[in-house]
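> Model the following, please.
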Amino acid sequence: MRKAALDIGDVRIGIATSDMMGIIASGYETYTRKGGEADYKYIAEFCRQKEVDTIVVGLPRNMDGTEGERAKLVRQFGEGLSAHTNARIVFWDERLTTAQAERMLIEGGVRRDKRKQVIDKVAATIILQSYLDSY
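Residues are numbered from 1 along each chain as shown. A predicted model of the protein is given here:
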């Protein structure tokens, strides 16, 4: 079974998946949010089609490790998603993943307008690879 990761934002959700062996993370897409149930159903269907058994949700902790308002919203999203899928939901520290993704894209010569379209997907890939590497 595959693993998937989500980098949840207000407007977009970055989605990454692993290979079947759970070794390598790859960016899948940047989903533009529709809101509430539509988001849950889209991700649940994606996970069903891709045979995902674990969804790693990036948890935006503060630099001191505490959880702020943004982390609370992400936890609520994860809880809502759990009602729509049988996949296990895991929250994973995502501190600095967006900054790391942006740095990688800049170093790769990706133009600013293109970076905005893929940065969430790249951040999700970093989150997932971090999770996979921890095992």
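> Next, please give the residue ranges for the helices of the protein.
Along the chain, counting by DSSP state H, helices occupy 36-49, 69-82, 97-107, 112-133.
> from the chain's centre, how far out does the first one sit?
Just to be clear, that refers to helix 36-49. Taking C-alpha atoms, centre = their mean, to the nearest Å, the mean C-alpha location of helix 36-49 is offset from the chain mean by 13 Å.
> Report the inter-axis angle for it versus helix 69-82.
If you take axes from the mean of the first three to the mean of the last three C-alpha atoms, to 10 degrees, helix 36-49 sits at 60 degrees to helix 69-82.
> Give the buried residues for helix 36-49.
The neighbour-count check on helix 36-49 (16 or more other C-beta atoms under 10 Å) flags 39, 40, 42, 43, 44, 46, 47 as buried. (Glycine included, C-beta is placed from N, CA and C.)
> and if you look at the shortest one?
Counting neighbours by 16+ other C-beta under 10 Å, one finds that the buried residues in helix 97-107 are 97, 98, 101, 102, 104, 105.
> Show me what it is packed against.
If you count contacts as 3 or more C-beta pairs under 8 Å, 6 or more residues apart in numbering; DSSP states H and E, helix 97-107 packs onto helix 112-133.
> And the helix it packs on, what does it pack against?
Helix 112-133 sits against strand 2-8, strand 12-18, strand 25-32, strand 52-59, strand 88-93, helix 97-107, with contacts defined as 3+ C-beta pairs under 8 Å, 6+ apart.
> ok now it, how far from the chain's centre?
Here helix 112-133 is found 8 Å from its chain centre; the criterion is C-alpha atoms, centre = their mean.
> what angle separates that helix from helix 97-107?
120 degrees.
> and the closest residue to residue 75 other than its chain neighbours, how many residues sit next to it?
Computed as C-beta to C-beta, 6 or more residues apart in numbering, the closest residue to residue 75 that is not its neighbour in sequence is residue 91, at 6.8 Å. The tally of other residues near residue 91 (other C-beta atoms under 10 Å) stands at 16.
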